[in-house]
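In: A predicted structure for the sequence below; I have some questions about it.
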Amino acid sequence: MSFNILVLCTVEPAERWREPLRRALPDDDLYFDAAEVASEQVDIVISDSPPQGVWRQFSRLRMIQSLWMGVDRWLDDASLPANVPVTRMIDPGMVTAMTETVLAHVLHAHLRHDVMRRQQTQQRWRELFNPVAAQRSVGIMGLGNLGTAAGRALAALNFQMQGWSRTRKDLPDVRCFAGESELAAFLAASEIVVCLLPLTTATRGIANAEFFGRMREHSVFVSLGRGPQVVEAALLAALEAGRVRHAILDVFMEEPLPPAHPFWTHPRVTVTPHCASMAQPESGAQFVAENINRLRAGEALLGVVDPVAGY
Ligand SMILES: NC(=O)c1ccc[n+]([C@@H]2O[C@H](COP(=O)([O-])OP(=O)(O)OC[C@H]3O[C@@H](n4cnc5c(N)ncnc54)[C@H](OP(=O)(O)O)[C@@H]3O)[C@@H](O)[C@H]2O)c1
């Protein structure tokens with residue numbers, strides 16, 4: 001059985017995906033322009049950030065596949081059909097890229113390169129004594145595909161690892177906390193906090209004044225999930241108060257970050273332009289093909305989004 005597959009890219013350059021997807025799905029008909037196929041003939045839509053209301057026109061959809069790992073914007077769309085599975089991207093290439101980013105930021109914070117950078121701007125020679133990783137505690141919020149891999153890599157470097165998730169996990173070398181009631185204990189145990197949560201009703205604004213108040217004095221906050229998880233004014237206040245020594249931010253309430261935003265010039269903030277882990281067409285196409293072949297074979301799909309949990 002072959003499928004009619006519409007690839008609807010609104011942010012990603014469609015060109016990057018064309019050949020990898022064609023190679024991975026040689027027996028299916030792929031369309032990269034909605035004008036090339038009647039909407040009622042489309043079996044599967046693959047998209048990055050679909051326009052609101054787009055789903056009404058498709059009457060025989062069997063599966064909707066995201067090119068991105070986060071699908072927060074999708075679930076607000078009232079036209080999203082309730083009876084068609086939405087599957088998110090679980091790309092080993094993106095997981096590796098995110099692990100590399102987390103390692104870079106955690107090592108930077110652990111070795112206090114942020115402090116040395118500030119000293120350099122003052123031409124100040126002050127040697128810093130840094131403990132080794134085994135004496136440094138790192139906490140990861142979100143122990144899914146990304147958080148688990150990053151936690152494993154940090155544990156291999158001997159960091160004291162903490163993790164926090166919605167449901168309890170049992171991971172080697174990671175002390176696992178779960179649920180709202182254990183967030184405070186998780187924060188109290190972590191000198192460097194890395195957020196890798198999906199954006200849901202429960203995680204929107206989670207990093208608020210109370211959250212920063214519960215972080216350890218002079219800790220480092222690394223935000224790699226989604227911008228609206230952070231109450232930016234609360235973070236600025238925590239930086240001023242010294243509660244947070246440095247913030248490394250990849251995602252923001254408004255993207256691109258507006259030119260006048262205080263994060264751009266704040267001496268204790270590192271800004272990266274939402275590129276902690278970018279979609280990787282070669283490995284991503286393999287995952288998409290695996291899922292579509294599962295649909296073809298009547299097997300369980302991977303990465304099915306739970307619309308109630310929101311991820
Ligand atoms: N900055 C970037 O470049 C970039 C790139 C890719 C992805 N991302 C972001 O990273 C997010 C995570 O991706 P993933 O593939 O690791 O997701 P995932 O596999 O779905 O894992 C999500 C984790 O978050 C936990 N979680 C969800 N809601 C929670 C809550 N209310 N309280 C505590 N824990 C909660 C989940 O708990 P359970 O295990 O109990 O379900 C799970 O451990 C994506 O949704 C996306 O927003 C960012």
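Out: Structure received.

In: Find the centremost residue of the chain, please.
Out: Taking CA atoms, centre = their mean, the centroid of the chain lies closest to residue 225, which sits 4.0 Å from it.

In: Strands along the stretch 1-150 of the chain, start to end?
Out: Ranges of strands in the stretch 1-150 of the chain, per DSSP state E, counting those that start in this stretch, are 4-8, 29-31, 44-47, 63-66, 86-87, 137-141.

In: The residue nearest to the centre of the chain contacts residue 199, correct?
Out: Yes. Between residue 225 and residue 199 a contact is recorded at 6.7 Å, counting by CB atoms under 8 Å. Just so you know, the C-beta spots here come from the backbone N, C-alpha and C atoms, and that holds for glycine as well.

In: Report the buried residues of stretch 271-289.
Out: The neighbour-count check on stretch 271-289 (16 or more other CB atoms under 10 Å) flags 271, 274, 276-277, 279-281, 283-289 as buried.

In: and the end-to-end length of that stretch?
Out: Distance between the boundary residues of stretch 271-289 (CA to CA, to the nearest Å) amounts to 35 Å.

In: Is it positioned near the ligand?
Out: Yes. Using CB under 6 Å from any ligand atom as the criterion, contacts between stretch 271-289 and the ligand involve 274, 276, 277.

In: Which residue is the nearest non-sequential neighbour of the residue of the chain most remote from its centre?
Out: Distance to the chain centre peaks in the chain at residue 125, reaching 37.3 Å (criterion: CA atoms, centre = their mean). Leaving aside its chain neighbours, residue 125 sits nearest to residue 119 (7.5 Å; criterion: CB to CB, 6 or more residues apart in numbering).

In: if we can go back for a sec, from the buried residues of stretch 271-289, which ones fall inside helices?
Out: With helices taken from DSSP state H, the overlap with the buried residues of stretch 271-289 comprises 281, 283, 284, 285, 286, 287, 288, 289.

In: Kindly reformat those residues as TSV containing pLDDT and distance to residue 250.
Out: Supplementary listing: these in TSV, determined by pLDDT from 0 to 100; distance: CB to CB, whole Å:
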residue	pLDDT	distance to residue 250
281	96	21
283	96	20
284	97	19
285	98	24
286	98	25
287	98	22
288	98	24
289	98	29
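
In: and which of the buried residues of stretch 271-289 is nearest to residue 138?
Out: Residue 138 has its nearest neighbour among those in residue 276, at 16.0 Å by CB to CB.

In: pretty sure that closest one contacts residue 248?
Out: No. With contact taken as CB under 8 Å, residue 276 and residue 248 are classed as non-touching, separated by 9.5 Å.

In: which bits of the stretch 51-200 of the chain sit near the ligand?
Out: With the criterion set to CB under 6 Å from any ligand atom, the stretch 51-200 of the chain comes near the ligand through 69-70, 94, 98, 142-147, 164-167, 196-200.

In: Going along the chain, name the helices of the stretch 201-311 of the chain.
Out: Assigned by DSSP state H, counting those that start in this stretch, the helices in the stretch 201-311 of the chain fall at 209-214, 232-241, 281-297.

In: How about the stretch 51-200 of the chain?
Out: 92-110, 113-121, 145-156, 183-188.
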